[in-house]
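[1] Build me a model:
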Amino acid sequence: METEKAVRSPAAARVAKVSVGVLFLAWLVDYIDRLVITLALPEIGQEFSLGETEQGLVLTAFFITYSLFQIPGGIMADSWGAKRTMLVAATGWSVFTAACGLARGLGSMLALRAAFGALQGIFPAASIKAVSERTTRRQRLTANGVMSASNPLGAAIAPMVAAPLVAAFGWRGAFFAVALLGLAMVLVLWKGLPPALTRSATEVADSGTDAPAGAPAAGTEGKEETAGEATAPAQVPVRDALCLLRSSVMWRFTLMFCGFNIIGWGLVSWVPTFLRESKGVTLTGAGVLAGIPWVGAAVSMVLGGYVFDRWLRGNHRRVVIPVMLVTAVLLVFMVRAETAGEFILFETCGTLVMYLAYMQIFGLPLRMLPAEYAGVGGGMVNFGGQLAGAISPFVMGFLAERYSFEAAFSFLVFGAGLAVLGALITPQTASAFRAGLGRHLRTPADSPATELS
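    Numbering: from 1, shown residues only. Sure, this is the predicted structure:
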């Protein structure tokens, strides 16, 4: 009874809701800043005389550093603090968004996009840790699902925002405009994100202890996590966080998410250009059409997390494998579509199905890890997803220039196969997951292991 009252503490519930809301908005702005270039790419290519392969390289430059900085971002969040890390990231990426509008050629654009990617790269793991510090274990998968729904929703909104900006101000002006939006978000994140819950609050739901959960500890208002057992989950030493990098179990989840996101980043990166150059769609029309599939994906992501959390725990293969196989079939139909409308229809069906598996791939290890390791654990899994962003746009650009856009989009079926392979080799239960982690996870005595039931 005490545990139930703790879990339902109004103050703790408010912290969770406000935190997820603020981080949801931060991720939306993250995506708008990131994806404005996909609408501007034809204009950039024309001004700098770039073919599809070089345009793909511009996209890939971002993802190389973005993926490489996922794990350092997790280590920073675990050892330095989630909120500080996010503020540095958001301020830095906003500055370099504006700087991209000053590029004078391929070389400078590549350098600026790489710097932009590094700063955005330290944000995801920090946001995951921030959620883990402000929710109970029982809330965590759902909270991450809601926050992560901002990703496909951001992919939907970004083209609709970017297309009018590019049309009105040119591609350079569009970068300046979305940079201002990013700086505004820094203020919201700084002032709006609540302090972390007490450690007992974050663990009580699944631990079964009688320690009372609650709102931020007295005297912590307006501060980042402070030292001491009565406040937020402890910040772990860097050497302990690095131990998790030796876990093959975590790298298997990384592989699975890489396959999943080969599809996602391939679609996000090249559909707007494909619609304009191959289907004769206007700039504004391409922005609207490119956004439609991702609205459905956002709904599908939340629904998939809810269904798994309630009825399908303990064996994510039952979700991931059939979902990715059906997605592969829908991608084939998409590639063979003759009109822009048919293409978007099959893409929408594909994203609706595919994102049912998102939380089983990305969120499951985060639920099972203690909050102290959420930063580096999230960074490891997300590294695979963003490595896909380094691979997919460049490979697709090469295939489009050398062969056709049909060949480029056919490459996405490979991603579905990779996700299926990852599902076959990852642990299916909490006990198997913990056994696989073994000595690589130094769990604090007051952070009990998590069960999925």
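
[2] what about the helices in the stretch 301-450 of the chain?
    Secondary structure of the stretch 301-450 of the chain (DSSP state H, counting those that start in this stretch): helices at 317-335, 340-354, 358, 364-368, 374-402, 405-410, 412-425, 430-437.

[3] closest one to residue 140 among the ones you listed?
    With respect to residue 140, and counting by CB to CB, the nearest of those is helix 364-368 at 5.5 Å. C-betas here are computed from N, CA, C, even on glycine.

[4] Need the pLDDT of residue 398.
    If you check residue 398, the pLDDT there is 95.

[5] wait, what's in contact with it?
    52, 53, 56 (CB atoms under 8 Å, 6 or more residues apart in numbering).

[6] Looking at those, state which has the most neighbours.
    Of the contacts of residue 398, residue 56 is surrounded by the most neighbours, 26 neighbours in total, counting by other CB atoms under 10 Å.

[7] quick one: which helix or strand includes that residue?
    Following DSSP states H and E, one finds residue 56 within helix 52-68.

[8] With just CA atoms, put that helix into PDB.
    This file holds the C-alpha atoms of helix 52-68, laid out as PDB (Å, rounded to 0.1, in the frame of the first residue of the first chain):
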ATOM      1  CA  GLU A  52      23.300  12.900 -55.600                       C
ATOM      2  CA  THR A  53      26.300  11.100 -54.200                       C
ATOM      3  CA  GLU A  54      27.800  14.400 -52.900                       C
ATOM      4  CA  GLN A  55      24.400  15.500 -51.500                       C
ATOM      5  CA  GLY A  56      24.300  12.200 -49.700                       C
ATOM      6  CA  LEU A  57      27.700  12.900 -48.300                       C
ATOM      7  CA  VAL A  58      26.400  16.200 -46.900                       C
ATOM      8  CA  LEU A  59      23.700  14.300 -45.000                       C
ATOM      9  CA  THR A  60      26.200  11.600 -43.900                       C
ATOM     10  CA  ALA A  61      28.700  14.100 -42.500                       C
ATOM     11  CA  PHE A  62      26.100  14.900 -39.800                       C
ATOM     12  CA  PHE A  63      25.400  11.300 -39.000                       C
ATOM     13  CA  ILE A  64      29.000  10.300 -38.700                       C
ATOM     14  CA  THR A  65      29.700  12.700 -35.800                       C
ATOM     15  CA  TYR A  66      26.200  12.300 -34.500                       C
ATOM     16  CA  SER A  67      26.600   8.600 -34.100                       C
ATOM     17  CA  LEU A  68      30.100   8.800 -32.700                       C
END
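
[9] Which elements pack onto the helix or strand that it is followed by?
    Using DSSP H and E, the next helix or strand after helix 52-68 towards the C-terminus is helix 70-80. If you count contacts as 3 or more CB pairs under 8 Å, 6 or more residues apart in numbering; DSSP states H and E, helix 70-80 packs onto helix 82-100, helix 106-121, helix 123-133, helix 238-243, helix 374-402.

[10] Quick check: residue 385 vs residue 265, distance?
    8 Å (CB to CB, to the nearest Å).

[11] got it, and residue 404?
    20 Å.

[12] ok, these two, which is more surrounded?
    Shown here are residue 404 and residue 265; by other CB under 10 Å, residue 265 has more neighbours (26 against 13).

[13] does the more buried one belong to a helix or a strand, and which?
    Here residue 265 sits within helix 248-278, counting by DSSP H and E.

[14] again, but for residue 15
    Per DSSP H and E: helix 10-48 holds residue 15.

[15] Mind giving me the packing neighbours of that helix?
    Judged by 3+ CB pairs under 8 Å, 6+ apart, the packing partners of helix 10-48 are helix 52-68, helix 82-100, helix 106-121, helix 123-133, helix 137-148, helix 150-192, helix 248-278, helix 283-311.

[16] can you pull the buried residues of that helix?
    12-13, 15-17, 19-20, 22-24, 26-45, 48 (16 or more other CB atoms under 10 Å).

[17] What of stretch 281-298?
    Of all the residues in stretch 281-298, those buried under the rule 16+ other CB under 10 Å are 281, 283, 285-298.

[18] Now the helices and strands packed on helix 70-80 in TSV, please, with extra columns for distance to residue 182.
    TSV is the format used below for the helices and strands packed on helix 70-80 (distance: least, CB to CB, whole Å):
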stretch	distance to residue 182
helix 82-100	3
helix 106-121	10
helix 123-133	11
helix 238-243	28
helix 374-402	19
